[in-house]
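In: Give me a model of this one.
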Amino acid sequence: EKAPPTATSADAMASHGVSETSLLRTNVEERMSTLLQQLGDLEELRPEIDDEEYEGLKEETREQLRELEEQLQRMAEGDLSLVDELGTYRLAIQAAIKEAFKTPEVLAMFAKGEPMALRGKLQQLRESRDLGRLGKEDYEQQAREILLLLRRMGEALSSEEQSLLGDQAQKGLFVELDGDELGASGVESILQQARDADKKAHATKEAS
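Out: I've put the predicted structure just below:
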């Protein structure tokens, strides 16, 4: 008979599992960041390319995002402890696919839990606005996207930031990610649906 694994071998197996999961997570983050950056770069190139090329490249990138989302779902089905974490990634990808955000690269910062990076991006926008490189409308649109993500991450907003975001929220925009406006159809609902779907798939796999 095969001897049961010793404590040392069990620890080694657990450590290997953690390392493998960490590597998968890193690969997913890099892939997601690359695709979201591609969407952002594509928007910057929009005036320089024709409509057919623009639409073709955008759809190709969105298709790759859909494939990545499917990969995340399979990962969560195999390890329920990853459901919440991967759910945030999937949420960011869904927002990019639905074109809920005009600056998709900030979604990668949100998905990776990088509020300081979002704050840095916001500061860059303010500097560009103050130097006249960015118009008021473009600044406010991009700033609101960042502020919405910061609020979703639980970060404190200044009264000025809350006012800027509040005005936009009243107009019903950016509701794809904002659970406060969407209520039961908001972020927590999306994450719960992901948890339920992954648990169901996991149970089906164990029963078969």
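
In: give the contact list for residue 34.
Out: Going by Cβ atoms under 8 Å, 6 or more residues apart in numbering, residue 34 touches no other residue. Any C-beta I mention is one placed from the backbone N, CA and C, and that applies to glycine too.

In: Please apply the same query to the one 5 residues further on.
Out: Taking Cβ under 8 Å, 6+ apart, we find residue 39 in contact with 58, 61-62, 96, 104-105.

In: and if we set it to 7 Å?
Out: By Cβ atoms under 7 Å, 6 or more residues apart in numbering, the contact set of residue 39 is 61, 96, 104.

In: so the first one sits right up against residue 37, yeah?
Out: Yep, that's residue 61 we're talking about. No - applying Cβ atoms under 7 Å, one finds residue 61 not in contact with residue 37, separated by 9.8 Å.

In: okay, and for the chain, where does confidence drop off?
Out: Scanning the chain for pLDDT under 70 picks out 1-21, 79-85, 167-208.

In: So for residue 61 and residue 37, which residue has more residues nearby?
Out: For residue 61 versus residue 37, neighbours defined as other Cβ atoms under 10 Å are more numerous around residue 61 (21 against 14).

In: Just list the residues touching that one, thanks.
Out: Taking Cβ under 7 Å, 6+ apart as the test, what residue 61 contacts is 35, 38-39, 42.

In: ditto for residue 88
Out: Applying Cβ under 7 Å, 6+ apart to residue 88 gives the contacts residue 111.

In: The chain should start at 425 in everything you say after this.
Out: That works, and once the first residue is 425, the last one we named lands at residue 512.

In: ok so, going back, secondary structure and distance to residue 588 for the contacts of residue 485 - can I get that in JSON lines?
Out: Formatted as JSON lines, the contacts of residue 485 follow (DSSP: H, G, I helix; E, B strand; the rest coil; distance: Cβ to Cβ, whole Å):
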{"residue": "459", "secondary structure": "helix", "distance to residue 588": "28"}
{"residue": "462", "secondary structure": "helix", "distance to residue 588": "28"}
{"residue": "463", "secondary structure": "helix", "distance to residue 588": "24"}
{"residue": "466", "secondary structure": "helix", "distance to residue 588": "27"}
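
In: could you redo those residues as CSV and give each row distance to residue 551?
Out: What follows is these, written out as CSV (distance: Cβ to Cβ, whole Å):
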residue, distance to residue 551
459, 27
462, 25
463, 23
466, 24
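
In: Could you point out which of those is nearest to residue 537?
Out: Using Cβ to Cβ, residue 459 is the member of the contacts of residue 485 that lies nearest residue 537, at 18.3 Å.
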